[in-house]
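*Asks:* Sequence first, then the predicted structure, then my questions.
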Amino acid sequence: MGEPTVTTLEGRQEAAAPPVADETTGRRFLPRARTPRRPRLWFEILLIAISYWTYSLIRNAVPEQRAEALRNADWIWRAEQQLGLAFEESVNHAVNSVTWLIVGMNYYYATLHFVVTLGVLVWLYRSHPGRYAATRLVLFTTTGFALVGYYLYPLAPPRLMNGQDFVDTVLVHQTWGSMASGDLKNMSNQYAAMPSMHIGWSVWAGLTIFALASVPWVRVLGLVYPAATLVVIVATANHFWLDAVGGVICLSVGYGIALLWYGCQPYALPRRAPEREKRKQERTPEREPERKPERIPVPKQG
């Protein structure tokens with residue numbers, strides 16, 4: 001078959017241009033990076049409250065497999081000894097000998113984990129709304145993978161190991177520093193030590209502060225915070241350092257999912273989220289107005 005033709009006003013015949021394929025058709029089945037939206041305060045408060053309640057419920061609903069958790073703790077301790085990196089007991093005893101220091105670490109362990117994380121979320125909401133949803137996605141995804149780890153790999157913290165000389169610093173100094181010690185031990189799963197969300201959340205907060213803060217000394221604090229948290233979780237005998245490695249792995253998965261969802265890392269997104277109307281205009285391709293066919297005058301006969 002030949003090419004279609006059209007007749008112009010001048011009476012010449014030209015080949016009609018082949019139809020141009022719609023560019024959006026080929027992209028219809030491809031993943032599309034999400035556009036950040038401005039967060040809504042009421043929704044975020046509700047989401048965080050429900051998420052933390054769900055996290056606590058699931059974490060504490062994981063069966064306390066004491067025998068398996070203790071076997072896993074023994075295995076990790078032996079593995080660290082073979083690596084020559086079994087330093088938790090020495091750090092625990094050294095810090096425990098300084099009463100004011102270990103008491104401070106007990107309260108650090110109990111409070112900053114939540115205070116700093118919530119503080120960074122509030123700061124993101126107020127100062128970086130365009131990056132808030134993506135960075136929050138990293139945190140929530142990290143926590144979700146941690147719950148899987150608690151179920152698949154029950155692990156006793158060093159202070160609960162049999163035949164070892166670790167000091168439970170909360171019991172010894174009678175401080176409020178762990179939901180799994182003293183009178184609060186029945187309110188929390190004591191064998192959910194791998195991965196460490198104290199490390200997962202603190203590294204998330206530290207990286208966020210370092211990447212987005214404008215004041216140099218605040219950026220330095222962002223790097224110091226997870227390092228200090230590592231010392232605290234080891235000194236209080238709540239975690240092995242390998243638990244911290246597990247927390248970082250979960251966090252890496254969280255950043256990877258945010259990268260796939262938004263098409264770039266959270267900190268590379270615009271600081272301000274585009275307005276809704278502007279986003280609609282950007283998503284809707286502009287259409288050229290339809291042109292009415294011109295009428296060709298027919299000469300009168302007479």
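*Replies:* The structure has been received and is ready for your questions.

*Asks:* Wait, a strand at residue 214?
*Replies:* No. Counting by DSSP: H, G, I helix; E, B strand; the rest coil, one finds residue 214 to be coil, located in no strand.

*Asks:* That one and residue 270: what is the separation?
*Replies:* Distance, residue 214 to residue 270, by CB to CB, to the nearest Å: 16 Å. Every C-beta, even on glycine, is put in place using the N, C-alpha and C of the backbone.

*Asks:* The two: which has the busier surroundings?
*Replies:* Set side by side, residue 214 and residue 270 give different neighbour counts by other CB atoms under 10 Å, the larger being at residue 270 (12 against 7).

*Asks:* Excluding sequence neighbours, find me the nearest residue to the more buried one.
*Replies:* Setting aside the residues directly before and after it, residue 270 is nearest to residue 130 in space (CB to CB, 6 or more residues apart in numbering), at 4.4 Å.

*Asks:* what is the mean pLDDT for the helix or strand harbouring the one you found?
*Replies:* Element membership of residue 130, judged by DSSP states H and E, is helix 129-152. Confidence over helix 129-152, taken as the mean pLDDT, stands at 92.

*Asks:* From the contact counts, what lies against that helix?
*Replies:* Contacts of helix 129-152 with other secondary structure elements, assessed using 3 or more CB pairs under 8 Å, 6 or more residues apart in numbering; DSSP states H and E, are made with helix 41-61, helix 99-127, helix 197-212, helix 241-262.

*Asks:* What is the distance between it and the centre of its chain?
*Replies:* Distance, stretch centre to chain centre, for helix 129-152: 4 Å (CA atoms, centre = their mean, to the nearest Å).

*Asks:* spatially speaking, which residue is in the middle of the protein?
*Replies:* Taking CA atoms, centre = their mean as the criterion, residue 138 is the residue nearest the geometric centre of the chain, at 1.7 Å.

*Asks:* wait, doesn't that one sit right on residue 251?
*Replies:* Yes. Under the criterion of CB atoms under 8 Å, residue 138 lies in contact with residue 251, with a separation of 7.2 Å.

*Asks:* intersection of neighbour lists for these two?
*Replies:* residue 204 (CB atoms under 8 Å, 6 or more residues apart in numbering).

*Asks:* Residue 210 - how many residues pack around it?
*Replies:* 18.

*Asks:* One more: residue 96?
*Replies:* Residue 96 has 20 neighbouring residues, counting by other CB under 10 Å.

*Asks:* Residue 167 too?
*Replies:* The local packing count at residue 167 equals 20, with neighbours defined by other CB under 10 Å.

*Asks:* where does it land in three-state SS?
*Replies:* coil.

*Asks:* Quick check on it: phi, psi?
*Replies:* For residue 167, the backbone dihedrals are phi -100, psi 130 (criterion: degrees, to the nearest 10).
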